[in-house]
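1. I would like the atomic coordinates for the input below:
(chains A and B)
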Amino acid sequence: MDYQFSAIEKKWQQFWAVHQTFRAHDTADKPKYYVLDMFPYPSGAGLHVGHPLGYIASDIFSRYKRLKGFNVLHPMGYDSFGLPAEQYAIQTGQHPAITTEVNIARYREQLDNIGLSFDWSREIRTSDPAYYKWTQWIFMKLFNAWYDQDADKAQPIDSLIAHFEHNGSTGIHAAADENIRTFTASEWHTFKPEEQRREILKYRLAYLRESTVNWCPALGTVLANDEVKDGVSERGGYPVIQKKMMQWSMRITAYADRLLKGLETIDWPEPLVEMQRNWIGKSVGASVFFDDIEVFTTRVDTIFGVSFLVLAPEHELVAKYTSALQQAPVNAYIEQTKKKSELDRMAEAKVVSGVFTGGYANHPLTGEQIPVWISDYVLAGYGTGAVMGVPSGDQRDYLFAKRFELPIIPINDAQQLTEQADPTKSGQYINSAFINGLTYEEAVPVLLNALEAKGLGKARINYRMRDAIFGRQRYWGEPVPVYFKDGLPHLLDEKDLPLLLPEVDKYLPTESGEPPLGRAEGWKYQGTYDYELSTMPGWAGSSWYWYRYMDAHNENVFASKEAVDYWKAVDLYIGGSEHATGHLLYSRFWNKFLKDLGCVAEEEPFKKLINQGMIQGRSNFVYRVLDEEGKGTNTFVSYGLKDQYKTSALHVDVNIVTNDTLNLDKFRQFRPEYENAEFILENGRYICGHEVEKMSKSKFNVVNPDDIIENYGADTLRLYEMFLGPLEQSKPWNTNGIEGAHKFLRKFWKLFHDADNNFRVSDDSPSPAELKSLHKIIKKVEEDIERFSFNTSVSSFMICVNELTDLKCKNRVILQDLCIVLSPYAPHITEELWSLLGNKPGSLSYAPFPQFNPKYLIESEFAYPVSVNGKMKMNLPLSLSLEVPDIEKEVLANADVQRFLDGQTPKKVVVVKGRIVNIVI
RNA sequence: GCUCGGAUGGUGGAACUGGUAGACACGCAGGACUUAAAAUCCUGUUCCCGUUAAGGGAGUGCGGGUUCGAUUCCCGCUCCGAGUACCA
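-> Below is the predicted model:
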C-alpha cells in the first residue's frame, strides 16, 4: 500500500484537535471573515452523504480564506430542540435531553471524520440552558418593546408608557393590534393597573393574541401547517379542527417594510430573495368603506365599476347583511365552505360559487345601493376579508358577474371586454363621474382626496405576511419566561434566567388538554403564580445563534459589544433553500430588532448566502421473475434481459451494488429468503436497474459518509462531493465515479515518492513547463473558489497532476506550492506531504497562498482554429506577435486552407487575434 | 395559474465577457503485466456514412431569428424540478 489514507487522516484530525489549529481569536490584526453553516438538528438517523455537501464547501472556503490571510470564524453547533426527540420520548419515556446527547455525539463523530476545520471551542446547543437563557432574554426584550413608526424602529416599552402618562395615546404611531384605544393622559391615569397592562400588551412586539390553530383532539396538541395533510394529522391520520387559542405572537409585520428593503442590500440567490418578497407580499392600494364594510383594493381607480361586494363567508358582518329570506342559503353556503376548506381546497377547476346575502351597502361616492354577496374566493385572512366587485377590471369578478348575471360596467375607454375582464390602466375613464376623462395617474389622487374628505377611505399598504405565532404546546423547547397574575402576563426578573425546563412524568398533554409543562409538579412562580405552559417554537433558538458563536461562553451578555463589533455579521452563509421563508426571515427580523436595541452592529445578519443543492438518492433495483400466476419466484433476471420475462422490480441496498453490478454473495446474505436465489446473468454479471429518488432508508439508497471514508478516505469524499457538480444544483448521489477522485489522490501522492514509495523530491530549479502548470492551477483555484465553482477546481487539479506526472516533476518548489493550493480540498494528505517536505507540522493551515504570476503563462504561439463559414476545419499554429493583416495573409497562403477554398475567393475573412479565424465564402 | 430554476455523449458534468462543443471523471471496448484474478498501466470511446484509413455529414430539448460565428443573445413552444396558490 502506498497512500495510507486511514492512518494519515486520523493522525492529522488528532493533531488539529490537540493543537486547536482552527481556533479563531477575537483579534483585529488580520481582516476578519465569518463563514457559517446552517447548524443541524441532530436526528437519530445520523448524517448521510447529502448532509456534508454544504459543510465541505464552506470548509474549503474557510481554509482558503485562512491561506489568504484572513482571521476566519468557522463555528458549528446544534439546533437541538425539536419534535423527533419529543416524539421518541413519548414512545419510549426516554428524556429528550438524553436522546439528544446521544445523537449529538454521533453527529460529532461523523463530522470529525470529514476533517472539517470548525472551531469547536465555540460549540453551542440551543437546548443548553446556558444558551436558551439568552433566547429567553431576547424574548423579554421583545416583550418590553414597541414599534415606533415615526422613528421606524423598536423602542423600549417604558417610552410608550411615559408618552401615555404625559400625552395619552395621541401622537403615537405604532405597529399594534387593531383594537387599540384612544385616550388622554388624564384618562390613562384613571385606568386600573390591569387595564393599563392590557392596553400596553397590544403594542408589545411579543404579545398574546387569540389565534386560530390546527388543533388535533386525538393527539391533544396543536399541529404546524405542514403536519396537517388533507385535513388530518400526518402522524396517525386523526381529524384536525380549527380552534381559537390565546397564543404568543411576534409582531414581525412591524418590520415588513424593512425586511423588504433589506433584500436589496444583500447578496442572496435571486429565487430566494423573490420567495421572501412574495412571502411579505406588499401591495399598495386603498381601503374604502361601503357603509361599515371595509374593502381593500389595489385599484381604487375602478371604484365606479363596482356592481357588487363580496364578503368572505367567515366575515363577521355576514350575519348583519343577511336578510331573513336569504338566511337558509347563506347558512348552507357557509357550511359547505367549511367542509370544502378542510377537504379539497386544491380543487383544480375552480367553479365560481357564491350566495347573495339579501343585503345592500352604499357606494361611498355615488351613494348607490350595492348588493352584498358572500363567496369563498374571498379569503377571510387577507386584506379586510371583503372586496369590491369590479367585473370589467378583474377576471375573478368578471366570472362572478357572468355566473350570477350582475352588471359589467366598462370604466376605461381602452378596455377590451369581449370574453374577459381587462385590467388596463392605459386609457381615460368613462362612466366614472368626476374622474371621467382623467388618466390613471391623475385619477388616483383625486379619488383618494374625495374619499378621505368623506372619511370613507384612505391610501393603505397591505401585507400578506402575518404575525408569527410563537407558542407551541410541546415539551422539548425553551420555556417562555412569563408568569400570569390576574390573567395578565408578567416577565420574570432577568436574574432568574434561565427558566429551566421542568421535569415531567410524561411528554403528553394533561387530561384537561394543557401542554406537557402542565404536568410539572409544583412548577409555579414564587410558588404561587402559573407559568406560561407553552414553549417556544423551533425557530426561536436559531434566530440569533450566529451571535453566540462570537462569544460563546459569556455569562453576562449574549455576546459582548467588542465581539459583535469585531465579527459584525456573517460574511458567507451556506445552507438549504428550504429555510427561505422560515429561519431566514425570522433571523432577519430578530437581527433588526437587536440592531434597534443597539445590541448588534449590522442591519442584515447574512451578507452573502449560498444554497447548496439537495443530494437525492439513486436507488438500485433487482428484477424478480414472476410465474404464470404472477407470483414471485426465487429467480432474478439482469436488467438487460428483464423484458423477456414477467418481473417485478425490488429495491436492493445500493451498498451491495458496485457500478450497477450486483454482488451476488452479499445479495444472498441480504435477506434470508434470498439465500438460495438464482440469477439470470448477462455477460456473466447481474446488472441492476436504477432510478433517482429521495434518499431514504425504505428505498435502500442511503449512503453513509463513514462507509465512504472507511473505503476511500475523507479527502476522497471531500473531493468527490465537490466533483459531483455545481454546489447549488440538486443532483443524485452516485458512488460510481468515486474511484476517479481516489485515483487522483494516489497520483498526487506518487509525485512525492519513488517507485518503492520512498519520499523523494528534487531541489532543481523548476522548468518552464512545470511553472506553467503550477501557475495555471493557482489562478484557476483562486477564480473558482471566489465564485463557488468547486467542481471545476477539482477537474483542474486532476489536469495539473496529470501534467506534472507526464513531466516527471519531482520539484520541491512546485510540489510545495501545489500542496498549499490543494489543501483546502484535501487537507489531510497535503498536511502529511507538507510535513514530509520538512515544514513545521500543522503550519499548512496558515501558510500563505502562492502568488499567481502571469509571466509563466505567456505563450509565443497559438494554434488558430480556422473555420470556413463558421465550421471549424483545421488548426494553424502562428506566432502571437503577428497582427491581424499578417495573420490573414499567413492563413490564406496556407496550402490546406487553399484546398478548403477550392479556388474560390473569400467574401470576407474575420480574424480575432489570439482567438479565431473565420473565412466566409 | 403565477414566479424562479433547468434540459449538452451510455453517466456526472466542462465550455467564465458570443470565438476549436463534449475538458475532467465514471462506464464500456481492446491491449500490456499475471498461471489466473484484483490492482496498475496503455489505446480508443458524441452520433451517422466510409471494410480499416483518409475523408465527409449531423449535432447542445423543439421551431424560428440576430451574427462572419450561438450551448451562450432575442422571440415562440415542449418537458422536468422547486416555490406559491382564488392576495382583491
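2. Contact residues of the stretch 601-750 of chain A facing RNA strand B?
-> Applying C-beta under 7 Å from any atom of the strand, we find that the stretch 601-750 of chain A lies next to RNA strand B at A:659, A:661, A:683, A:723-726, A:729-732, A:734, A:736-737, A:739-741, A:743-744, A:746-747. C-beta here means a position set from N, CA and C on the backbone, and glycine is covered the same way.
3. In ChimeraX, how would I select just the buried ones from those residues?
-> Here is the ChimeraX command that picks out the buried ones among these, judged by 16 or more other C-beta atoms under 10 Å:
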select /A:661,723,724,731,732,734,741,744
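4. Go through the residues of the stretch 601-750 of chain A next to RNA strand B and flag which are in strands.
-> Here DSSP state E is the test, and those give A:Thr661, A:Lys731, A:Pro732 as lying in strands.
5. Looking at those residues, which one is closest to RNA strand B?
-> Distance to RNA strand B, by C-beta to the nearest atom of the strand, is smallest for A:Lys731 among these, at 3.9 Å.
6. worst-scoring helix or strand of chain A, pLDDT-wise?
-> strand A:228-229 (a mean of 62; mean pLDDT, DSSP states H and E).
7. related to what we said a few turns ago, adding pLDDT, write the ones in strands among the residues of the stretch 601-750 of chain A next to RNA strand B out as CSV.
-> Supplementary listing: those in CSV, determined by pLDDT from 0 to 100:
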residue, pLDDT
A:Thr661, 84
A:Lys731, 86
A:Pro732, 86
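8. what's the closest of those to A:Gln14?
-> A:Lys731 (33.2 Å; C-beta to C-beta).
9. so how far is RNA strand B from A:Gly77?
-> In this structure, A:Gly77 and RNA strand B are separated by 26 Å, where distance is defined by C-beta to the nearest atom of the strand, to the nearest Å.
10. what residues are up against that residue?
-> Applying C-beta atoms under 8 Å, 6 or more residues apart in numbering to A:Gly77 gives the contacts A:Phe39, A:Arg122, A:Glu123, A:Ile124, A:Arg125, A:Thr126, A:Tyr545, A:Arg548, A:Tyr549.
11. quick one: which of those residues sit in helices?
-> Using DSSP state H, the members of the contacts of A:Gly77 that fall within helices are A:Tyr545, A:Arg548.
12. among the contacts of A:Gly77, which two are most distant?
-> Between any two of the contacts of A:Gly77, the greatest separation by C-beta to C-beta is 14.1 Å, found for A:Arg122 and A:Thr126.
13. higher neighbour count, these two?
-> Neighbours of A:Arg122 and A:Thr126, each counted by other C-beta atoms under 10 Å, are more numerous for A:Thr126; the result is 25 against 19.
14. so what's the more buried one up against?
-> Applying C-beta under 8 Å, 6+ apart to A:Thr126 gives the contacts A:Gly77, A:Tyr78, A:Asp79, A:Ser80, A:Phe81, A:Tyr132, A:Thr135, A:Glu478, A:Ala540, A:Gly541, A:Ser542, A:Tyr545.
15. tally of neighbours for the residue nearest to A:Ser843 when sequence neighbours are not counted?
-> In space, and not counting its chain neighbours, A:Ser843 is closest to A:Trp834: 7.5 Å by C-beta to C-beta, 6 or more residues apart in numbering. The local packing of A:Trp834 (other C-beta under 10 Å) involves 24 other residues.
16. okay but A:Trp834 is in contact with A:Leu844, surely?
-> Yes: at 4.3 Å, A:Trp834 and A:Leu844 qualify as touching, with contact defined as C-beta atoms under 8 Å.
17. Helices of the stretch 401-550 of chain A, start to end?
-> Using DSSP state H, counting those that start in this stretch, the helices of the stretch 401-550 of chain A run over residues A:440-454, A:539-542, A:545-548.
18. pLDDT weak spots in chain A?
-> Counting by pLDDT under 70, chain A contains low-confidence ranges at A:1, A:220, A:224-236, A:339-350.
19. For RNA strand B, give me its nearest residue in it.
-> A:Gly740 (2.3 Å).
20. so how far is A:Arg746 from that residue?
-> Per C-beta to C-beta, to the nearest Å, A:Gly740 is found 11 Å from A:Arg746.
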